[in-house]
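Asks: just need the structure, nothing else, for what follows:
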Amino acid sequence: MHDTGTQPDQIHKVKAHTTKRDVLQGLITKEDQEGNAGADNAAKRGASMHPSDDATSARYYRIEQTVSIFASHIGRLVTARQDTEEPPKKTFQKIKKGKISKTPQNYRTHQPVWDSADKIWRCDKK
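Replies: Residues are numbered from 1 along each chain as shown. Coordinates of the predicted model:
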């Protein structure tokens, strides 16, 4: 509607996958049936413009999992209670062939140091 600058007279839900019998029984109008078929065809054309294969799907899955891991880690850091004197966990998650494994690993070159004045964890390197 915004793309065309027009406003429809009326918007309503239309039953999908209907038959001629549905039209004859009054479950849907011929116009709505044709409009729904047109929308289905447009959706199929749009989907065909974005082909996908197994390699693309696998790459997308790995990226999605990586983003999820980082988002979870950032979320834990942001929401962690800052009034505890226990340093954040040192865990590293890695993706291997679509599987996520949590492997405890000291991957930091910088260590957290408790700043008792500000009651917050800080990096030992400045």
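Asks: quick one: list the elements packing against the helix ranked longest in the chain.
Replies: Identified as the longest helix of the chain according to DSSP state H is helix 54-79. Counting contacts by 3 or more Cβ pairs under 8 Å, 6 or more residues apart in numbering; DSSP states H and E, helix 54-79 packs against strand 91-96. Glycine gets a C-beta too; all of them are placed from N, C-alpha and C.
Asks: break the protein into its domains for me.
Replies: Taking automatic domain parsing as the reference, the chain has its domains at 9-51, 54-123.
Asks: will you turn the ones you listed into TSV that also has mean pLDDT?
Replies: Formatted as TSV, the domains of the chain follow (pLDDT from 0 to 100):
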stretch	mean pLDDT
domain 9-51	89
domain 54-123	70
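Asks: now those in a markdown table, with mean neighbour count?
Replies: Shown next, in a markdown table, are the domains of the chain (neighbours: other Cβ atoms under 10 Å):
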| stretch | mean neighbour count |
| --- | --- |
| domain 9-51 | 11 |
| domain 54-123 | 11 |
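Asks: how close does Ser68 get to Ser52?
Replies: 20 Å (Cβ to Cβ, to the nearest Å).
Asks: would you state the strands of this structure in chain order?
Replies: 91-96, 99-104, 112-115, 120-123 (DSSP state E).
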